[in-house]
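Novice: Whatever this is, show me its structure:
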Amino acid sequence: MLEAKFYDTYYFCNVVKSVLYHSESYLGVLNDFYGDGRIYYRLSTFNKYSILHEFIEFIIHDVYYDQSSEAALEKKQKIQENYQDIPIALSLLRPSTLPIELALKHHNMPHQSFEDFLDKQSKKFIECNIDDIYEFIHKLRETGVFHELVEHISKEVFHVLFQNRDLMKNFNTLMANALEYESKQERPSEIKKIFSRTGVLKRAAIPQWARRAVFFRDRGRCVLCNKDLSGQINLENKENYDHIVPLAKHGLNDISNIQLLCKECNQHEKRAGEAVTSDNYQSWYTY
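Specialist: You can find the predicted model right below:
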């Protein structure tokens with residue numbers, strides 16, 4: 001069971017979506033996730049904490065550090081300076097409170113405040129610099145609370161985004177392109193066993209938990225033709241669990257890359273061709 005607090009969850013969903021749908025504008029950032037051979041160390045075989053979870057984590061890290069930039073700090077210090085004689089305004093604006101602190105407080109995760117951190121160094125917020133913020137975040141990482149926060153938010157964001165199969169296709173196409181590009185270089189010896197050939201992963205059995213998650217997400221229907229695969233209407237209709245981006249096209253063995261198809265659509269419409277999914281979803285009620 002996921003206890004979702006939905007603090008900035010949809011904000012991070014939009015950031016992830018923007019990066020995936022406009023990846024050409026984020027090549028430098030994305031290279032830090034999968035470039036220079038990093039994609040090889042992201043590969044796994046149906047881990048519950050999927051590659052998409054890792055990608056979401058990566059984006060959240062980047063956002064929190066971006067929110068702690070020098071420009072952001074200067075803006076907050078200007079507010080502190082302008083309202084230092086109006087305590088009520090300062091208590092409402094809270095310029096000395098960092099965005100990550102607000103998230104930690106919302107999730108009821110005990111942590112040292114940035115003001116307390118500065119106080120122990122005999123510094124005031126108005127005179128601190130960006131290095132102080134990075135040192136504070138480093139302290140949060142050392143205590144483990146930073147990782148706890150980012151992991152929890154990642155699970156919430158995944159919970160929302162997993163329902164969007166087109167986004168799943170977009171993410172897995174991006175990863176497949178990275179894997180294909182990196183396959184021109186020598187693979188690390190320790191992961192060669194998971195490949196059937198250069199850049200193509202071996203087919204792996206899809207675990208029951210992944211099948212169950214995909215079946216319920218797709219409401220027990222073929223995502224291409226909407227055929228009922230629950231067995232309640234026709235026992236002859238067999239569910240097939242399909243890689244959205246085929247393994248032959250450098251697709252991943254990851255839950256984000258799996259969808260529910262009927263036997264006919266899987267064998268005749270999909271086969272091992274291009275990445276295909278559908279924007280059709282069964283509504284909670286009829287209109």
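
Novice: Return the distance of residue 109 relative to residue 163.
Specialist: Between residue 109 and residue 163 the distance, using Cβ to Cβ, to the nearest Å, works out to 27 Å. Every residue, glycine included, has its C-beta placed from N, CA and C.

Novice: Who has more neighbours out of those two?
Specialist: A direct count of neighbours by other Cβ atoms under 10 Å for residue 109 and residue 163 places residue 109 higher, at 16 against 12.

Novice: Give me the phi and psi for that one.
Specialist: When quoted as degrees, to the nearest 10, the phi and psi of residue 109 stand at phi -100, psi 110.

Novice: Can you give me the neighbour number for the closest residue to it other than its chain neighbours?
Specialist: On the basis of Cβ to Cβ, 6 or more residues apart in numbering, the spatially nearest residue to residue 109 that is not a chain neighbour turns out to be residue 145, at 5.3 Å. The local packing of residue 145 (other Cβ under 10 Å) involves 18 other residues.

Novice: can you check residue 96 too?
Specialist: Taking other Cβ under 10 Å as the neighbour definition, residue 96 ends up with a count of 19.

Novice: show me what contacts it?
Specialist: Listed by Cβ atoms under 8 Å, 6 or more residues apart in numbering, the contact set of residue 96 reads 76, 80, 114, 115, 125.

Novice: can I get those in a markdown table with distance to residue 251, secondary structure and pLDDT?
Specialist: Rendered in a markdown table, the data for the contacts of residue 96 read as follows (distance: Cβ to Cβ, whole Å; DSSP: H, G, I helix; E, B strand; the rest coil; pLDDT from 0 to 100):
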| residue | distance to residue 251 | secondary structure | pLDDT |
| --- | --- | --- | --- |
| 76 | 44 | helix | 92 |
| 80 | 51 | helix | 91 |
| 114 | 43 | helix | 95 |
| 115 | 48 | helix | 94 |
| 125 | 49 | helix | 93 |
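
Novice: now the strands: where do they sit in the stretch 151-287 of the chain?
Specialist: 195-197, 200-201, 239-243, 258-262 (DSSP state E, counting those that start in this stretch).

Novice: Take those strands and write them to TSV, including mean pLDDT.
Specialist: Supplementary listing: the strands of the stretch 151-287 of the chain in TSV, determined by pLDDT from 0 to 100:
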stretch	mean pLDDT
strand 195-197	91
strand 200-201	94
strand 239-243	94
strand 258-262	96
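
Novice: what's the most buried one of these?
Specialist: Highest mean neighbour count among the strands of the stretch 151-287 of the chain (mean count of other Cβ atoms under 10 Å): strand 258-262, with a mean of 25.

Novice: List the pairing partners of that strand within its sheet, with orientation.
Specialist: Taking DSSP bridges as the criterion, strand 258-262 forms sheet pairs with strand 239-243 (antiparallel).

Novice: Only alpha carbons, please: show the partner strand as CSV.
Specialist: Provided in CSV are the C-alpha atoms of strand 239-243 (Å, rounded to 0.1, in the frame of the first residue of the first chain):
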residue,chain,number,x,y,z
GLU,A,239,-4.0,-12.4,-22.5
ASN,A,240,-0.5,-11.7,-23.9
TYR,A,241,2.0,-9.5,-22.1
ASP,A,242,3.8,-7.5,-24.8
HIS,A,243,6.9,-5.3,-24.7
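
Novice: still on that earlier bit, nearest to residue 53, out of the contacts of residue 96: which one, please.
Specialist: When those are compared for distance to residue 53 (Cβ to Cβ), residue 114 comes out closest, at 27.8 Å.

Novice: Around the closest one, how many other residues sit close by?
Specialist: Taking other Cβ under 10 Å as the definition, residue 114 ends up with a neighbour count of 22.

Novice: if I read this right, it contacts residue 94, doesn't it?
Specialist: No. With contacts defined as Cβ atoms under 8 Å, residue 114 does not count as touching residue 94, sitting 10.5 Å away.

Novice: Distance from the chain centre to stretch 99-118, please.
Specialist: The chain centroid and the centroid of stretch 99-118 are separated by 23 Å under Cα atoms, centre = their mean, to the nearest Å.

Novice: repeat for stretch 15-26
Specialist: Here stretch 15-26 shows a centroid-to-chain-centroid distance of 12 Å under the convention Cα atoms, centre = their mean.

Novice: Heading C-terminal from the worst-scoring helix or strand of the chain on mean pLDDT, find the next helix or strand.
Specialist: For the chain, the helix or strand with the lowest mean confidence is helix 87-93, at a mean of 86 (criterion: mean pLDDT, DSSP states H and E). Following helix 87-93 in sequence order, the next helix or strand is helix 99-106 (DSSP states H and E).
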